[in-house]
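Enquirer: Provided below are the primary sequence and the corresponding predicted coordinates.
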2 protein chains.
Amino acid sequence: MNDAKPRPATLDDVAREAGVSLATASRSLNGSNRKVAESYRQKVLQAAERLRYTPNLPAQAVARGGSATVSLLVSDIADPYFSSIAAGVARSAGQANLIMTMGMTDRRPEREVQLVRALRGQRPQVIIIAGSRVLDADETPALIEELSAYEEAGGHAVFIGRHDLPFRSVSIDNRGGSKRLAVALADIGYRRFALVMGPSALLTVRDREEGFLEGLTERGINLDPRLLLRRDFTRDGGAHAARELIAGPIQDVDMIFAASDVMAVGAMAELRAGGVRVPDHVGVAGFDDIPNLRDITPSLSTVHLPLEEIGQRAVQLAFAPTDAITSPPPVTADVVLRDSTPGRR
Amino acid sequence: MNDAKPRPATLDDVAREAGVSLATASRSLNGSNRKVAESYRQKVLQAAERLRYTPNLPAQAVARGGSATVSLLVSDIADPYFSSIAAGVARSAGQANLIMTMGMTDRRPEREVQLVRALRGQRPQVIIIAGSRVLDADETPALIEELSAYEEAGGHAVFIGRHDLPFRSVSIDNRGGSKRLAVALADIGYRRFALVMGPSALLTVRDREEGFLEGLTERGINLDPRLLLRRDFTRDGGAHAARELIAGPIQDVDMIFAASDVMAVGAMAELRAGGVRVPDHVGVAGFDDIPNLRDITPSLSTVHLPLEEIGQRAVQLAFAPTDAITSPPPVTADVVLRDSTPGRR
DNA sequence: GTGATGTGGGAAAGGGCTTTCCGCGAGCCC
DNA sequence: GGGCTCGCGGAAAGCCCTTTCCCACATCAC
């Protein structure tokens, strides 16, 4: 028995193997501001290679007082909206040589606070919160306090699409985007709108809804309040709303705007099942421009969001100098009209 | 200036605040096997609350010799296949009170080895590798060595859908699933097949392809080799293949099997653009049963994979006792026939 | 009353790394 | 040529925990 306790090689091992001190080994392997003679450096690098040394990241984190990590909090990573953002974050993190850790809240606000605590324990460089969180949740003060403590300790908290909290945020022009969409739809002839929205406690939903209504108003169109439906902010929520429309006032509608592509797709499926033809009987539009949904039929009019870029921006924003962060321009949200809204005349 | 160096509260602070020793504080907060008098425990818990103490996870990791973490390696988190698996992993990890860290390889094998090294540095409990990796890549030996070292040091490596390596693995019945699909399609009358596959170096692709061919053979059907197309294992790969079919032998085809739903969707979009009607002119089937793609029209026949469950199983498998791991049963892969393959007679 | 047994707090030794600080030899100036 | 700075290796302190080990004290049995 030679290896009673198999354990990864430590920096000590490397130093011994190379015949140098611990300090020199450390300096050689991660380049400090102190120079190391090339001959020593080579010896260390070779020893490390020979021993298949991997630095113990937690140990580095504890010695440096922070870990090379960015933490991302999402509602549901299986949702394409979040997975696209996550891809952007992962990519940027990789470039900055950071590892990404992820928490999933399952859309429960109390999980969110818990997870922030847990993630904070990692002492990450950055915490990015991408859940479209609930406005006025009981947990909000706790969350704010948790994040403030985190920032005081030197971390950076960044929200995505949540400009109402005292933290940096990548703001998304939800409001402007859906306003422009409303105007565009009105301009190609739609008049009788129905809105399929999520819970109004979600800021994202609220912004998209208000923006759309603004756009309608601007074109002199009123929304019948009965035609503002509110369901879960999911595919099934969209389907339920559509079922309700079919059962009742679908005759009075020539255009359905859903708060997200995912909801729009659910609604379209239900409309089809109910014999309502899209876009002949009614047009449908969504929001987000989810890449994987681009191939549905008829192709969905929507507002394009550069989701990956949003993830990347969040990471950049975290490292931006403090004075540059006051008001980063919002991410563009461009209207894309496709086959689901050919227009009415 | 009272707080020259704002830093999170440490366990020392808590102990001092509570008037007990460091040891007692530690024992109170994470319950060791040593008992702590309730009165002391309470004092500690309250002090911790007062100071908003969060344990420094890296420090715990270094003291305990491993971090409460599971690492997941995926090709592309924006791909719904991987994001669904990730959701399962995240969920299971959360239940086990572990934090999930993620690496994205962008489908580059050399990134994979790099990332395994980096993730290994975290000293996670588990490393899950979900990329459908390249067979016989030059990097495979390095990867194996890296993971072996990791396991020797006490970690658990788990592959998803990669049963050819000397590690635990959640195996997916790709072969059986596509064989059954082929048989089912033959049984409803399809005879002239085209296969839209990804690179044959991907084990997943190879299994699906061979399984399908087996099924065809079983029904006495031969595949014209010209009708086996190989493109990128992506949406655009599917589209390219479809374009090629349209340009040539589409007349000889009544059924297109794509190696994944994503490819199938790309192909369908291209067929539609080229004026080939699905399913009237040609049927289309995919593989995976991606939830977000269930609403496309016509609804896609496919082989259902319980992706979230696969993620969960991977975590469970990592913690399973060693003797239970030799051959966990493969995940089921059930054929689901929908509107894209109504049958021929 | 005395020794055996147990209980649980606290001091201290890690655990793997970074970084400060010390000291020594080499090069420099006048 | 003597006093200096400068460059760079190495010893050691420190980061924040966990866990072992010691010990004081209480309980109990006979």
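Expert: Thanks, I have it. Numbering: from 1, shown residues only, chains lettered A, B, ... in the order given.
Enquirer: Enumerate the positions of the helix or strand hosting A:Ser26 that are buried.
Expert: Assigned by DSSP states H and E, A:Ser26 belongs to helix A:22-30. By 16 or more other Cβ atoms under 10 Å in any protein chain shown, the buried positions in helix A:22-30 come out as A:24-29. All C-beta atoms are positioned from the backbone trio N, CA, C, and that covers glycine.
Enquirer: what's the answer for stretch A:271-282, then?
Expert: A:271-272, A:276, A:278-279, A:282.
Enquirer: can you tell me which of these lies nearest to chain B?
Expert: The closest of these to chain B turns out to be A:Arg272 (Cβ to the nearest Cβ; 6.9 Å).
Enquirer: and the host helix or strand of that closest one, average pLDDT?
Expert: Here A:Arg272 sits within helix A:261-273, counting by DSSP H and E. Helix A:261-273 carries an average pLDDT of 93.
Enquirer: Then stretch A:302-311?
Expert: Mean pLDDT, stretch A:302-311: 96.
Enquirer: and the end-to-end length of that stretch?
Expert: In stretch A:302-311, first residue to last residue: 20 Å (Cα to Cα, to the nearest Å).
Enquirer: close to chain B, is it?
Expert: Yes - contact of stretch A:302-311 with chain B (Cβ under 8 Å from any Cβ of the partner chain) involves A:Glu308.
Enquirer: Contacts for that stretch, please.
Expert: Identification of contacts with stretch A:302-311 by Cβ atoms under 8 Å, 6 or more residues apart in numbering or on different chains yields A:81, A:84-92, A:128, A:130, A:160, A:170, A:172, A:177-178, A:180-181, A:261, A:264, A:285-290, A:331-336, A:338, B:78.
Enquirer: Which ones among those residues map onto helices?
Expert: Judged by DSSP state H, helices contain the following of those: A:81, A:84-92, A:177-178, A:180-181, A:261, A:264.
Enquirer: just for chain A, where's the confidence low?
Expert: Within chain A, the segments meeting pLDDT under 70 span A:1-6, A:132, A:323-327.
Enquirer: got the residues of it near DNA strand D?
Expert: For chain A, the contact set with DNA strand D under Cβ under 7 Å from any atom of the strand comprises A:20-24, A:27, A:34-37, A:40, A:62-63, A:65.
Enquirer: Make a PyMOL selection of the buried ones in those residues.
Expert: What follows is the PyMOL syntax for the buried subset of the residues of chain A next to DNA strand D, where burial is set by 16+ other Cβ under 10 Å:
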select buried, chain A and resi 20+24+27+36+40+62
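Enquirer: Grab the nearest non-local neighbour of A:Gln122.
Expert: B:Leu57 (4.9 Å; Cβ to Cβ, 6 or more residues apart in numbering or on different chains).
Enquirer: That neighbour and A:Leu119 touch, don't they?
Expert: No - using Cβ atoms under 8 Å, B:Leu57 is not in contact with A:Leu119, being 9.1 Å away.
Enquirer: quick one: A:Arg235 from chain B, how far?
Expert: Distance of A:Arg235 to chain B, computed by Cβ to the nearest Cβ, to the nearest Å: 7 Å.
Enquirer: correction: A:Ala273
Expert: Distance from A:Ala273 to chain B, counting by Cβ to the nearest Cβ: 10 Å.
Enquirer: tell me which element A:Leu195 is part of?
Expert: strand A:193-197.
Enquirer: can you list contacts of that strand?
Expert: So strand A:193-197 is contacted by A:182, A:185, A:205, A:208-209, A:212, A:216, A:221, A:223, A:227-231, A:237-238, A:241-242, A:245, A:249, A:253-259, A:263-264, A:267 (Cβ under 8 Å, 6+ apart).
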